[in-house]
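J.: Quick one: sequence plus predicted model below, questions after.
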Amino acid sequence: QVQLVESGGGLVQAGGSLRLSCAASGSIFSINAMGWYRQAPGKQRELVARITRGGIPDYADSVKGRFTISRDNAKNTVSLQMNSLKPEDSAVYYCNAILKVVAAMGWLERWGQGTQVTVSS
């Protein structure tokens, strides 16, 4: 079984910073893309940032220039550095990974349990 465990959420004032981390563990053969999504109350889950195995990032327009995604392939971890936070960044943030548990099987999508980020004005 594969688990994605997030950490680093919390409460911060507008303009502040937080760093989210996610570690994938279990029977993992290979991880392709990893990323972060968020869901605010009453809204759909949306992509925040994702990164390929080769380290190429992709960001939502709303976070470009403020958030930075990074990963460590050796440790199966992905992090999200969030700077200049705004109240509209408040949401539950979910870690996501596209992975294989064995070489012969197809790619699977796994999610973490989510971590709350609250930005006060």
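T.: Sure, I can see it.
J.: Just the element for the spatially most central residue of the chain, please.
T.: The centre of the chain sits closest to Trp36, judged by CA atoms, centre = their mean, with a distance of 2.5 Å. When elements are assigned from DSSP states H and E, Trp36 belongs to strand 30-39.
J.: next one: that strand to chain centre, how far?
T.: Averaging C-alpha positions (CA atoms, centre = their mean, to the nearest Å) puts strand 30-39 6 Å from its chain's average.
J.: Quick check: buried residues in it?
T.: Buried residues in strand 30-39, counted by 16 or more other CB atoms under 10 Å: 31, 33-38. Placement of C-beta: from N, CA and C, glycine included.
J.: Report the contact partners of Leu80.
T.: Applying CB atoms under 8 Å, 6 or more residues apart in numbering, one finds that Leu80 lies in contact with 19-21, 36, 48-49, 67-69, 93.
J.: Distance of Leu11 relative to Cys95?
T.: 20 Å (CB to CB, to the nearest Å).
J.: ok, the residue nearest to the centre of the chain touching Ile51?
T.: No - judged on CB atoms under 8 Å, Trp36 makes no contact with Ile51 at a distance of 9.3 Å.
J.: who touches both of the two?
T.: 69, 78.
J.: Can you classify Gly42 as helix, strand or coil?
T.: coil (DSSP: H, G, I helix; E, B strand; the rest coil).
J.: Could you tell me the per-residue confidence at it?
T.: With respect to pLDDT, Gly42 has a value of 96.
J.: Identify the residue nearest Trp36 in space, chain neighbours excluded?
T.: Val48 (4.4 Å; CB to CB, 6 or more residues apart in numbering).
J.: in the sheet, who's paired with Thr118?
T.: Leu11 (DSSP bridges).
J.: swap in Ser79?
T.: Under the criterion used (DSSP bridges), Ser79 bridges to Ser21, Ser70.
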